[in-house]
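Novice: what follows is a predicted structure for the sequence shown.
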Amino acid sequence: MPKTCTKFEGDGGNVAVYLTGEGAILVDDKYDRDHDAIAAHIKSITDQPVKYVLSTHYHEDHSGGNGKFLPTAEVISTANARTNIVKRVQSNASANVEPARVVFTDETAVFLGGKEVRAKFFGRGHTNGDAIIYFPALRTIHTGDLMAGSTPLIDYPGGGSVVEWTRTLDAAMKTLDFDRVIPGHGPITNKAGLMAYRNNVEKLRDRAAGLIRAGKSQADVAKVMTAEFN
């Protein structure tokens with residue numbers, strides 16, 4: 001990627017760092033335990049501080065570091081993502097995961113050092129509060145876990161929907177002008193890669209619906225889906 005924007009992975013979800021002359025903009029912050037490694041990486045590429053953290057969603061592997069950044073940076077998320085943290089919807093999350101102080105319902109934008117980053121909610125998918133982060137000048141998006149791995153993980157307690165997931169991705173691909181895709185987990189890809197993922201979500205959803213209509217038991221459905229989509 002251009003050196004003004006970098007991605008690093010490992011423990012937790014993929015983090016993107018956008019460099020400006022007035023500070024850095026971070027997308028996601030992994031777990032609380034990853035803060036020092038993230039901070040060290042940022043210091044290795046810029047002497048500017050992190051001014052904003054844009055959260056893709058509420059899960060601890062993407063938002064667990066909020067508390068370490070909040071004293072010096074503004075954390076921004078969808079309203080639903082904040083609510084899910086406040087209500088402790090993720091049952092296995094640490095007790096110290098902190099919610100964003102600034103939220104939006106549809107879209108927002110950050111302008112820093114002459115650069116723009118947009119955050120947009122297109123609908124339900126992985127959760128009910130997934131934001132896609134868009135870097136217009138770089139023609140790059142960060143999808144959070146709306147794209148992660150090879151098959152979708154639907155967080156039903158967090159308002160996720162496999163039915164709406166494809167419509168959400170369709171809206172994003174129709175609205176945003178991009179080439180490069182940073183997924184929530186896994187290697188950087190492109191628009192064709194995102195489309196392939198979207199089509200796999202549709203295939204999985206339709207296969208499961210067909211099995212249910214055929215009267216298959218939950219155990220049988222799980223067995224088939226594991227065999228065909230794992």
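Specialist: The structure has been received and is ready for your questions. Since the model is a prediction, treat every value here as computed from it, not as a measurement.
Novice: show me what counts as buried in stretch 191-211.
Specialist: Lys191, Gly193, Leu194, Tyr197, Arg198, Val201, Leu204, Arg205, Ala208, Leu211 (16 or more other C-beta atoms under 10 Å). Backbone N, C-alpha and C define where each C-beta goes, glycine included.
Novice: quick check: phi and psi at the last one.
Specialist: The phi and psi values for Leu211, taken as degrees, to the nearest 10, are phi -70, psi -40.
Novice: and it, how far from Leu153?
Specialist: 19 Å (C-beta to C-beta, to the nearest Å).
Novice: could you pull up the residues touching Asn66?
Specialist: Asp29, Val53, Ser55, Val75, Val97, Glu98, Pro99, Ala100 (C-beta atoms under 8 Å, 6 or more residues apart in numbering).
Novice: so which of the residues you listed comes closest to Ser44?
Specialist: Asp29 (16.8 Å; C-beta to C-beta).
Novice: residue ranges in this structure under the pLDDT threshold?
Specialist: Filtered on pLDDT under 70, the chain yields the residue ranges 1-10, 216-218, 220-222, 224-226, 228-230.
Novice: what's the biggest strand in it, counting residues?
Specialist: Longest strand in the chain, counting residues (DSSP state E): strand 140-148.
Novice: partners of it, with directions?
Specialist: According to DSSP bridges, strand 140-148 has the following sheet partners: strand 131-135 (antiparallel), strand 180-185 (parallel).
Novice: tabulate the ones you listed (a markdown table), appending distance to Leu112 and mean neighbour count.
Specialist: Converted to a markdown table, the strands paired with strand 140-148 look like this (distance: least, C-beta to C-beta, whole Å; neighbours: other C-beta atoms under 10 Å):
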| stretch | distance to Leu112 | mean neighbour count |
| --- | --- | --- |
| strand 131-135 | 12 | 25 |
| strand 180-185 | 19 | 22 |
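Novice: nearest to His62, out of the ones you listed?
Specialist: Checking the strands paired with strand 140-148 against His62 by C-beta to C-beta gives strand 180-185 as the closest, at 6.9 Å.
Novice: which outside residues touch the closest one?
Specialist: Strand 180-185 has contacts (C-beta under 8 Å, 6+ apart) with 1, 7, 9, 13-14, 16, 27-28, 56, 62, 126, 138-149, 188-191, 193-194, 197.
Novice: next structured bit after that strand?
Specialist: strand 189-190 (DSSP states H and E).
Novice: all strands for the chain, in order.
Specialist: With DSSP E, the ranges of strands along the chain come out as 5-8, 15-20, 23-27, 50-54, 74-78, 102-104, 107-112, 115-121, 131-135, 140-148, 180-185, 189-190.
Novice: so what does the last one touch, helix or strand wise?
Specialist: Judged by 3 or more C-beta pairs under 8 Å, 6 or more residues apart in numbering; DSSP states H and E, strand 189-190 is in contact with strand 180-185.
Novice: tell me how far the residue nearest to Ala79 when sequence neighbours are not counted lies from Tyr197.
Specialist: Ranked by C-beta to C-beta, 6 or more residues apart in numbering and with sequence neighbours excluded, the top spatial neighbour of Ala79 is Val103, at 4.3 Å. Per C-beta to C-beta, Val103 is found 27 Å from Tyr197.
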